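Visitor: I would like to see how this sequence folds:
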Amino acid sequence: MLVAAAVCPCPPLLVPEVAAGAGPELDAARNACLDALGVLAASQPDLLIVAGPAGPDDRGPFLPGSAGSFAAFGVDLSVRLGVSPAGAAAPERPLPASLAVGAWLLERARWSGPPVEGLGVGETLTAERCLAAGAELAARAERVALLVMGDGSACRTVKAPGYLDERAAGFDAEAARALGRADVAALSALDESLAYELKAAGRAPWQVLAGAAQGAGLEGQLLYEDAPYGVGYAVAAWS
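Guide: Below you'll find the predicted structure:
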């Protein structure tokens with residue numbers, strides 16, 4: 001059963017070494033993410049699963065101890081998703097960028113809780129399949145926590161990765177409202193096609209969260225919302 005969740009954005013720029021001189025611009029977002037992770041730790045879960053958007057080659061489960069790297073962004077920095085079970089070889093499959101950012105956040109928060117697994121979620125996964133996947137995650141243990149990585153639209157300004165789309169602000173506002181209120185129905189109803197057009201990679205992971213939270217009765221709190229670099233970022237905690 002899902003007992004807590006943290007929702008965080010997943011740009012590699014969240015990692016100061018990647019952001020370099022622009023690092024301080026995301027300090028508020030980083031601090032909010034750490035606050036959300038504190039809610040996860042306080043829930044005392046039996047299992048933590050980090051879910052985030054992934055490309056075709058990076059979808060599916062990632063075992064505890066899976067490694068990720070920020071070398072593609074010009075930084076010699078590696079992270080691990082928790083630790084491998086005693087006696088087990090370290091998994092060879094590398095983490096996608098979103099889960100690597102999640103692993104970095106957990107390391108920064110000095111996570112010392114239960115085993116940590118990962119799930120790469122395809123950006124085009126239908127809402128129905130996302131909800132079903134979330135329900136399966138929630139049934140994995142008696143007390144399950146989720147760290148859900150994902151960005152909103154990438155079309156908030158003319159300098160945004162997807163250029164300016166007048167629909168982007170409304171989409172992000174609705175998503176942030178739903179995340180802040182732990183509104184499972186609203187998250188489930190997010191428009192898949194619109195999210196894809198707005199390059200909102202967080203839509204699918206958010207709907208996995210909605211599936212996991214069905215019937216859990218969790219309450220939410222929005223800890224951060226902004227659109228630096230023209231991309232919608234939101235941080236929320238559910239408990």
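
Visitor: the bottom helix or strand of this structure by mean pLDDT?
Guide: Least confident helix or strand of the chain, by mean pLDDT, DSSP states H and E, is helix 16-19 with a mean of 92.

Visitor: report the central residue of this protein.
Guide: Closest to where the C-alpha atoms of the chain average out (CA atoms, centre = their mean) is Met149, at 0.8 Å.

Visitor: just to revisit the earlier point, ok, and what's touching the least confident helix or strand of the chain?
Guide: 12-13, 23, 25-26, 30, 70, 73-75, 77 (CB atoms under 8 Å, 6 or more residues apart in numbering). Any C-beta I mention is one placed from the backbone N, CA and C, and that applies to glycine too.

Visitor: helices or strands up against the lengthiest helix in the chain?
Guide: The residue-count maximum for a helix in the chain (DSSP state H) belongs to helix 27-42. Helices and strands touching helix 27-42, as assessed by 3 or more CB pairs under 8 Å, 6 or more residues apart in numbering; DSSP states H and E, comprise strand 2-8, helix 97-108, strand 144-149, strand 220-226, strand 233-238.

Visitor: any idea how far Ala227 is from the residue nearest to Glu192 when sequence neighbours are not counted?
Guide: Distances taken as CB to CB, 6 or more residues apart in numbering place Ala127 nearest to Glu192, at 5.8 Å, with adjacent residues excluded. According to CB to CB, to the nearest Å, Ala127 and Ala227 sit 24 Å apart.

Visitor: distance of the residue nearest to the centre of the chain from Ala186?
Guide: 20 Å.

Visitor: equivalent analysis for Leu105, please.
Guide: 25 Å.

Visitor: more neighbours: these two, which one.
Guide: Neighbour count, other CB atoms under 10 Å: between Leu105 and Ala186, Leu105 has more, with 24 against 16.

Visitor: adding mean pLDDT and distance to Ser193, write the helices and strands packed on helix 27-42 out as JSON lines.
Guide: Output for the helices and strands packed on helix 27-42, formatted as JSON lines (pLDDT from 0 to 100; distance: least, CB to CB, whole Å):
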{"stretch": "strand 2-8", "mean pLDDT": "98", "distance to Ser193": "22"}
{"stretch": "helix 97-108", "mean pLDDT": "97", "distance to Ser193": "21"}
{"stretch": "strand 144-149", "mean pLDDT": "98", "distance to Ser193": "21"}
{"stretch": "strand 220-226", "mean pLDDT": "98", "distance to Ser193": "23"}
{"stretch": "strand 233-238", "mean pLDDT": "98", "distance to Ser193": "21"}
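
Visitor: mind checking those for the one nearest to Ala51?
Guide: strand 144-149 (5.3 Å; CB to CB).

Visitor: which helices and strands sit right next to that closest one?
Guide: With 3+ CB pairs under 8 Å, 6+ apart as the test, strand 144-149 has strand 2-8, helix 27-42, strand 47-54, helix 97-108, helix 127-138, helix 203-213 packed against it.

Visitor: can you rerun that using 7 Å?
Guide: strand 2-8, strand 47-54, helix 97-108, helix 127-138, helix 203-213 (3 or more CB pairs under 7 Å, 6 or more residues apart in numbering; DSSP states H and E).

Visitor: in JSON lines: the ones you listed, plus distance to Val121.
Guide: Output for the helices and strands packed on strand 144-149, formatted as JSON lines (distance: least, CB to CB, whole Å):
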{"stretch": "strand 2-8", "distance to Val121": "13"}
{"stretch": "strand 47-54", "distance to Val121": "6"}
{"stretch": "helix 97-108", "distance to Val121": "9"}
{"stretch": "helix 127-138", "distance to Val121": "7"}
{"stretch": "helix 203-213", "distance to Val121": "5"}
